[in-house]
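Novice: Here is the input, now give the coordinates:
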Amino acid sequence: TPPIFAFVVAWVEDCASKEHLSDIADGLAPQIRLNKVYRAVGAGQKQKPTPYQIVGMICFYGRHYTSFFYNQQLQKWVFIDDSSVRPVGDWSDVK
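Specialist: The predicted model follows:
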């Protein structure tokens, strides 16, 4: 199991609707088990694959990048924009 796992959620449309983005966010959990996403992961292993904790997300919407990262000192997610960094709360606030 690699110590870090990165993934991309992308779609063909130039501008996804807010409803579509909301549906995607609702399907994300703060922990990801790779064997639930990729069938080949863990095949033939006796031990369950270790879950990965999402600690950051880079977002691109409307020609603008923003990001969310988990701050361990604050024990909260923070929203990072061009000129500001502000706490947003727990995972449900990120979605």
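Novice: Can you mark which positions in stretch 59-74 are buried?
Specialist: For stretch 59-74, the neighbour count (16 or more other Cβ atoms under 10 Å) marks 68-70 as buried. For the C-beta atoms, the positions are set from N, CA and C on the backbone; glycine is no exception.
Novice: for this protein, what are the low-confidence residue spans?
Specialist: Within the chain, the stretches with pLDDT under 70 are 1-2, 12-14, 39-47.
Novice: Now do the helices in it.
Specialist: Remark: helices assigned in the chain by DSSP state H are 18-27, 34-37, 91-94.
Novice: Of the buried residues of stretch 59-74, which is the nearest to residue 95?
Specialist: residue 68 (9.6 Å; Cβ to Cβ).
Novice: Surely that closest one is in contact with residue 81?
Specialist: No. With contact defined as Cβ atoms under 8 Å, residue 68 and residue 81 do not form a contacting pair (10.4 Å).
Novice: on that earlier part again, just put the helices of the chain in JSON lines and tack on distance to residue 62 and mean neighbour count.
Specialist: Formatted as JSON lines, these follow (distance: least, Cβ to Cβ, whole Å; neighbours: other Cβ atoms under 10 Å):
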{"stretch": "helix 18-27", "distance to residue 62": "10", "mean neighbour count": "11"}
{"stretch": "helix 34-37", "distance to residue 62": "27", "mean neighbour count": "14"}
{"stretch": "helix 91-94", "distance to residue 62": "18", "mean neighbour count": "14"}
